[in-house]
Structures are given as C-alpha cells and as structure tokens.
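**Student:** give me coordinates for this.
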Amino acid sequence: MIDTTEALDAEAIFAGIVSQLSDLQWNPDMTGPQAFGAMKQVLLLRNLIDHHATTLTGELDRLGVADHKTTRLRELLISMGCAPAVASRYVRVAATTDVDLLLAHAADGSISSEHVDAIVRGLTHIDTRSPEPLDTVQRCEYLRKLLSHYFAGFTPAEINLYARQLGNELAAETPGGLPAAEDKRINSYTDRITDDGRLEISANLDIIAGEKTRTLMKTLSAPKPQPDGSPDPRTPEQICAAAFETIVELAAQGLADTTFSAKPTNGLLWTWSADNPAIGGDLQNMGPITEATAKMLSCDTTITKIILNTDGVPLDVGRQERLFTPGQRKALLVR
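**Tutor:** A predicted model of the protein is given here:
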C-alpha cells in the first residue's frame with residue numbers, strides 16, 4: 001500500500017505506476033481462466049483509482065481550487081478530462097462524509113465507484129422520505145441493507161430501485177410520511193445539450209404532475225392521417241416529440257397572457273465579421289444554428305446583430321427595436 005503522506009515524492013511514484021501499466025503486455029496465448037483473473041485485477045485497479053480520484057476531489061473542494069479557477073468543482077473536473085457523469089459522481093461521493101463502512105470497502109477496491117454512488121444516492125433518497133432526518137443508527141442500518149444488495153450482485157440501477165422500496169416502507173411507517181408517488185420533494189428535472197447540439201430531457205414527477213403531463217401528451221399526440229388518407233408516417237416517438245413542442249408553445253403563450261408583456265420568443269444572435277460579412281447565427285440557450293434555420297426563426301424571434309472585429313471582440317451589439325422603447329419614452333417624458 002502506497003502512503004503518499006511519507007516523504008517520498010508522490011509524483012515519482014505515480015509516474016512509475018503509469019510507466020509499468022503502459023508497458024504491460026498480455027500473453028496472447030493466455031487461457032480463459034487467466035484472462036478472467038487478469039480482468040478482475042484490472043477492475044480492482046480501476047476501483048482503487050476511482051476511490052483516490054474521489055478522495056482528491058474532496059481535497060480540491062477543501063482547498064478551494066475550483067473557487068480559484070472561478071468555476072464549480074464539477075466543471076473543473078470536466079476541464080481536466082472527466083466525463084460529466086463521472087465528474088458528478090466524484091463530487092457526490094466526495095461530499096458524503098458519514099459512510100465510513102462504505103468508504104472502507106471503496107478504499108480496498110472491493111466496490112466500484114458506480115455502486116458507491118448508487119448507495120450514496122440511495123441513502124439520500126431514503127433520508128428525504130422521512131419528515132425528520134435519519135439518526136446515525138438508522139443510516140447505518142440502511143447502509144448495510146444497500147451494501148448487502150451490492151454484494152448479492154445487484155447493479156447500481158437495481159440498488160436505486162431497492163432504495164426507493166426502502167424509502168416507501170419508511171414513509172409508510174413514519175407519521176407524516178408520503179408514498180413516493182405523492183411526494184413532490186423528490187421530483188426532479190434535468191436537461192443537457194448533446195454533442196450534436198440537441199436538448200436531452202429527463203424528469204421524475206409525482207403522480208399528480210405525471211397525470212397532467214400524460215393527459216396533455218395523449219391529447220396532443222394522436223396520429224394525423226395524410227391528406228390522401230394514408231397513415232401518419234411519423235414514428236410514435238416523433239409524434240410525442242411534436243406533442244411536447246406543442247405543450248411548450250402553449251405554455252409560452254400562457255406566460256405571455258399572464259406574466260410577460262409579450263410572448264417569450266427565441267433569442268437569435270447574428271454575428272457579423274467587420275472584415276468578412278459572413279453570417280452566423282446562435283440561439284441564446286442552445287448555441288449555433290445554420291443560416292437556413294436562422295432565417296426561418298427570424299419571423300418569430302428577437303434578433304440582436306453583433307459586429308465582431310478580427311479578434312472576435314464585439315464592436316456593436318445592435319438593438320432589438322428600431323425606435324424608442326416604451327421605457328425610454330417614459331424616461332423622456334419624466335425628464
């Protein structure tokens with residue numbers, strides 16, 4: 001076991017380990033059992049590396065390194081080469097300090113970081129199902145149950161399901177507890193922009209919000225036959241996606257009627273080079289689009305024309321309205 005707290009140069013030690021792993025060659029004549037054993041050793045190394053990465057994530061947080069770089073810890077890890085999901089996992093587990101038994105298993109490489117993360121998230125979920133925070137004895141008991149599920153060979157997804165089952169049982173046994181289906185506190189929504197510039201959405205809703213959503217989707221996702229009577233050529237997934245877009249449009253119109261002075265629209269940024277008048281369009285929230293899409297949107301959007309110099313520095317950011325805005329007119333009257 002390597003103790004990096006000794007006077008030895010940790011960087012030199014790691015360099016040696018990296019060199020040995022880089023030079024490692026597998027015998028092409030190995031048997032199946034030998035390949036199986038070698039794979040187990042590689043997975044052990046992977047688990048240990050993930051554990052040390054999680055520990056170092058905690059150190060980065062304690063030392064305020066992310067703050068020094070004016071970015072959040074997760075974003076710092078991503079900039080260092082971590083996949084977003086891996087960075088999120090490291091941050092979540094590093095923030096959990098009261099699961100010594102779990103971290104002890106992670107420290108000897110006997111449990112993967114994905115399973116550690118599933119157990120940490122499972123404990124958090126169970127904790128939210130009780131009106132009062134779990135005490136130390138309760139957390140230890142639930143931790144042992146989730147760990148036993150791991151050692152029985154269950155996957156991270158199955159551990160999450162088991163944690164939800166335990167949470168439901170806790171809610172049923174606790175005064176003031178709610179079944180998961182009716183508990184709005186565990187609702188969640190996430191979205192991310194994919195590598196090809198699309199929006200991927202995931203949500204987990206209580207039964208009331210779910211009923212409203214499914215009712216709207218079913219109402220708006222009926223197949224539409226073609227003018228010649230032929231069936232709708234779209235797939236069910238495409239029809240549902242179109243229904244969801246319709247819901248967004250209706251919600252935007254509703255906001256316009258109750259909250260805003262005008263319907264919320266797409267914000268389009270036109271970038272023009274001062275030396276080269278090539279046109280490029282960017283949506284404020286989603287990023288670059290083609291010129292054809294920009295022209296299509298220009299009939300129902302706010303457009304900001306931005307002129308850039310050769311270094312990409314904005315020289316002029318234009319304006320969305322040609323004449324005085326209502327606010328400017330009021331200011332002139334007051335003056």
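**Student:** where are the low-confidence patches of this structure?
**Tutor:** 1-9, 68-71, 256-331, 333-335 (pLDDT under 70).
**Student:** who is S188 paired with across the strands?
**Tutor:** N204 (DSSP bridges).
**Student:** any idea how far it lies from R121?
**Tutor:** Going from S188 to R121 by Cβ to Cβ, to the nearest Å gives 11 Å. C-beta: built from backbone N, CA, C; applies to glycine.
**Student:** settle it for me: which of those two has more neighbours?
**Tutor:** Between S188 and R121, counted using other Cβ atoms under 10 Å, the more crowded position is R121 (19 against 8).
**Student:** so that one sits in a strand?
**Tutor:** No: read with DSSP: H, G, I helix; E, B strand; the rest coil, R121 is helix and lies in no strand.
**Student:** wait, it sits on A157?
**Tutor:** No: R121 is not in contact with A157 according to Cβ atoms under 8 Å; the separation is 11.0 Å.
**Student:** show me the domain layout of this protein.
**Tutor:** 31-185, 189-258, 266-334 (automatic domain parsing).
**Student:** what about the first one, distance to the chain center?
**Tutor:** With Cα atoms, centre = their mean, to the nearest Å as the basis, domain 31-185 stands 16 Å off its chain's centre.
**Student:** quick one: L101 is in a strand?
**Tutor:** No: assignment of L101 by three-state DSSP gives helix, placing it outside any strand.
**Student:** quick one: contacts for it?
**Tutor:** Taking Cβ atoms under 8 Å, 6 or more residues apart in numbering as the criterion, L101 is in contact with C140, L143, R144, L147.
**Student:** mind checking how far V93 is from V116?
**Tutor:** 6 Å.
**Student:** name the residues contacting each of these two.
**Tutor:** Both V93 and V116 are in contact with T54, A106, where contact means Cβ under 8 Å, 6+ apart.
**Student:** so for the host helix or strand of P33, what gets flagged as buried?
**Tutor:** Under the criterion DSSP states H and E, the helix or strand holding P33 is helix 32-62. Neighbour-count burial for helix 32-62 flags N47, D50, H51, A53, T54, T55, T57, G58, L60, D61 (criterion: 16 or more other Cβ atoms under 10 Å).
**Student:** outside of stretch 209-227, which residues touch it?
**Tutor:** Stretch 209-227 is touched from outside by 184, 187, 205, 231-234, 236, 239-240, 242-244, 246-247, with contacts defined as Cβ under 8 Å, 6+ apart.
**Student:** filter those to the buried ones?
**Tutor:** L205, I239, A243, F244.
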